[in-house]
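Chemist: turn this into a structure:
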Amino acid sequence: MQKTASHRIRTTPLAGHNLAREKPTSQGPEKPIISRHSPLLFIRGTESFADTPIFPAPIHPRHRPTATRGANPVNQTLKSWALETPPAETVYSRSSARPSAICYHSGGMEPYSIGVDLGGTNLRAAAVDEKGKVLERVSVPANFHAGPIHVVSEIVGAIAKVRDRLDPVLLRGVGIGVPGFIDIDTGVIIGSSNLPGFNDFPVRDEIQKHLGIPIILENDANAAALGEKWIGAGQNVKDLILLTLGTGIGGGVITDGKILHGSHGMAGEFGHMTVFPDGNPCGCGNNGCLEKHASATAIAAMGRMMHFGQEINSAEDVYNLALAGNERARWVFEYMGRALGIALASLINAFNFPLYLLTGGPLPAWDFFAPPMLAEVRKRSFTFARTATRIEKALLGGDAGLLGAAYLPFQQTMAREPVTH
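Modeler: Residues are numbered from 1 along each chain as shown. The predicted structure is shown next:
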């Protein structure tokens, strides 16, 4: 049977790239107001944006948190918070999921939440309203290897910078996306290779103690999937799966509009699905894991094995060779596509969802890896070959996790509202 038009792959460029540079206003910073009675808070991390100038803004004694002061580095940070000049708002249209306008603050603010993204070498935080409009954002360098106390102090400071530019009374919560395994109930990170020293550390309670507001943690890939569901490529479906292609491969499952966590909070670890039983060894102890054959790290490793006659430092180097017509470089992406196709076919057969999204650094090579990927899926999934199941690029790029983290407080508020008939 011929594949219908509904199987066509959308090749719209990723949103989140080439966003307009944020513009500072001429208005100076106001004194921060710290309310211990604001509603919820939540947080999450990825790419950096240009930092705006920093102006000192000492906190009035009566507005300071009541946490015990002393030599604790977190308390030292609380004493020296500074505010950046407010950047422009970024508006994400719910119909297009793209940055559609740049505007500046006016009176009559709407309720907002704060999302925090811990990723790469930067810590990002953004205030977002209920329509997905980014009201404020900050990006600060972060040393995630400096230990939990230092990182917590940076998180606390970033949240304060964003909140204190707006009306704290309208804050609906803060969501934090964290790389690694999380005990959702206790707010403890069970394991994270990107956050050394955080294993079994009560990060949620530590942040909550210094800000006086409840905090919710979420896995960063789960937050990205939720962001795409809320205001990205998946806003018109209730169920979707997102694969994040990066150093490794992560994923998130959204069912009935909500994150599927599984019994231990570890659902969506698609990077450790076996695609080649006798394939490359993985640090998890398995052989042939998807991320050892289709991640950006795997692409670079395969490129080095091909001996192209030049130094290969990243997946982008292999991609540039493929663009220049190097057949062996193109073979690397064909192999990557086969691995992804095997994994996606299994997911489609198991979940029967309408939409499967891919995001991450290797997506510019879509035209090289998508054809073999789709051929493999058609061969291995009767469901894909006979239904309108879609495999597409995600739309929000590096902002997906930030927006998804910010959506967590709104989603929790909606879940608590009484149902009226």
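
Chemist: need the nearest residue in space to residue 225, chain neighbours excluded.
Modeler: Spatial nearest neighbour of residue 225, chain neighbours left out: residue 252 (2.8 Å); criterion: C-beta to C-beta, 6 or more residues apart in numbering. From N, CA and C alone the C-beta is placed, and that goes for glycine too.

Chemist: what is the one helix or strand that neighbour maps to packed up against?
Modeler: Secondary structure assignment for residue 252, by DSSP states H and E: strand 249-255. Applying 3 or more C-beta pairs under 8 Å, 6 or more residues apart in numbering; DSSP states H and E, one finds that strand 249-255 makes contact with helix 220-231, strand 240-245.

Chemist: out of those, which comes closest to residue 399?
Modeler: Closest approach to residue 399 among the helices and strands packed on strand 249-255 (C-beta to C-beta): helix 220-231, 7.2 Å.

Chemist: output that closest one as CSV - backbone C-alpha positions only.
Modeler: Provided in CSV are the C-alpha atoms of helix 220-231 (Å, rounded to 0.1, in the frame of the first residue of the first chain):
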residue,chain,number,x,y,z
ASP,A,220,14.8,17.7,31.5
ALA,A,221,13.8,15.5,28.6
ASN,A,222,10.3,15.1,30.1
ALA,A,223,10.1,18.9,30.4
ALA,A,224,11.0,19.3,26.8
ALA,A,225,8.3,16.8,25.7
LEU,A,226,5.8,18.7,27.8
GLY,A,227,6.9,22.0,26.2
GLU,A,228,6.3,20.6,22.7
LYS,A,229,2.9,19.4,23.8
TRP,A,230,1.9,22.7,25.3
ILE,A,231,3.1,25.2,22.6
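
Chemist: let's test this: mean pLDDT of it, rounded?
Modeler: Per-residue pLDDT over helix 220-231 has a mean of 97.

Chemist: how distant is it from the center of its chain?
Modeler: 7 Å (C-alpha atoms, centre = their mean, to the nearest Å).

Chemist: please apply the same query to stretch 175-182.
Modeler: How far stretch 175-182 lies from its chain's middle: 9 Å, per C-alpha atoms, centre = their mean.

Chemist: re earlier: pull the distance from the strand holding residue 252 to the chain's centre.
Modeler: Strand 249-255 sits 11 Å away from the centroid of its parent chain (C-alpha atoms, centre = their mean).

Chemist: for it, buried residues please.
Modeler: For strand 249-255, a neighbour-count test (16 or more other C-beta atoms under 10 Å) marks 249-254 as buried.

Chemist: now the helix or strand containing residue 367 and strand 240-245, what's the angle there?
Modeler: Secondary structure from DSSP H and E places residue 367 in helix 366-380. Between the axes of helix 366-380 and strand 240-245, defined by axes from the mean of the first three to the mean of the last three C-alpha atoms, to 10 degrees, the angle is 130 degrees.

Chemist: average pLDDT across the strand holding residue 252?
Modeler: If you average the pLDDT over strand 249-255, you get 96.

Chemist: who does it pair up with?
Modeler: Taking DSSP bridges as the criterion, strand 249-255 forms sheet pairs with strand 240-245 (antiparallel), strand 258-259 (antiparallel).

Chemist: against which helices or strands is the one helix or strand residue 151 maps to packed?
Modeler: According to DSSP H and E, residue 151 maps onto helix 148-163. Using 3+ C-beta pairs under 8 Å, 6+ apart, the elements in contact with helix 148-163 are helix 73-79, strand 82-84, strand 112-119, strand 122-129, strand 134-141, strand 171-178, helix 203-211.

Chemist: will you turn those into CSV that also has mean pLDDT and mean neighbour count?
Modeler: As requested, those are exported to CSV (pLDDT from 0 to 100; neighbours: other C-beta atoms under 10 Å):
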stretch, mean pLDDT, mean neighbour count
helix 73-79, 40, 17
strand 82-84, 34, 19
strand 112-119, 92, 30
strand 122-129, 95, 26
strand 134-141, 94, 22
strand 171-178, 92, 29
helix 203-211, 89, 21
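
Chemist: and of the ones you listed, who's closest to residue 322?
Modeler: Closest among the helices and strands packed on helix 148-163, using C-beta to C-beta: strand 112-119, at 26.6 Å.

Chemist: show me what that closest one is packed against.
Modeler: Applying 3+ C-beta pairs under 8 Å, 6+ apart, one finds that strand 112-119 contacts strand 122-129, helix 148-163, strand 171-178, helix 220-231, helix 400-416.

Chemist: do you know how far residue 322 is from residue 181?
Modeler: 35 Å (C-beta to C-beta, to the nearest Å).

Chemist: how about the secondary structure of the closest residue in space to residue 280 that isn't next to it in sequence?
Modeler: Using C-beta to C-beta, 6+ apart and skipping residues adjacent in sequence, the residue nearest residue 280 is residue 292, 4.1 Å away. Under the three-state scheme (DSSP: H, G, I helix; E, B strand; the rest coil), residue 292 adopts helix.

Chemist: residue 292 and residue 281 touch, don't they?
Modeler: Yes. With contact defined as C-beta atoms under 8 Å, residue 292 counts as touching residue 281 (7.4 Å).

Chemist: between those two, which one's more packed in?
Modeler: Neighbour count, other C-beta atoms under 10 Å: between residue 292 and residue 281, residue 292 has more, with 25 against 11.

Chemist: what's that one in contact with, if anything?
Modeler: Neighbouring residues of residue 292 by C-beta atoms under 8 Å, 6 or more residues apart in numbering: 279-282, 298.

Chemist: now the buried members of the residues you listed.
Modeler: Using 16+ other C-beta under 10 Å as the burial test, these include 279, 282, 298 as buried.
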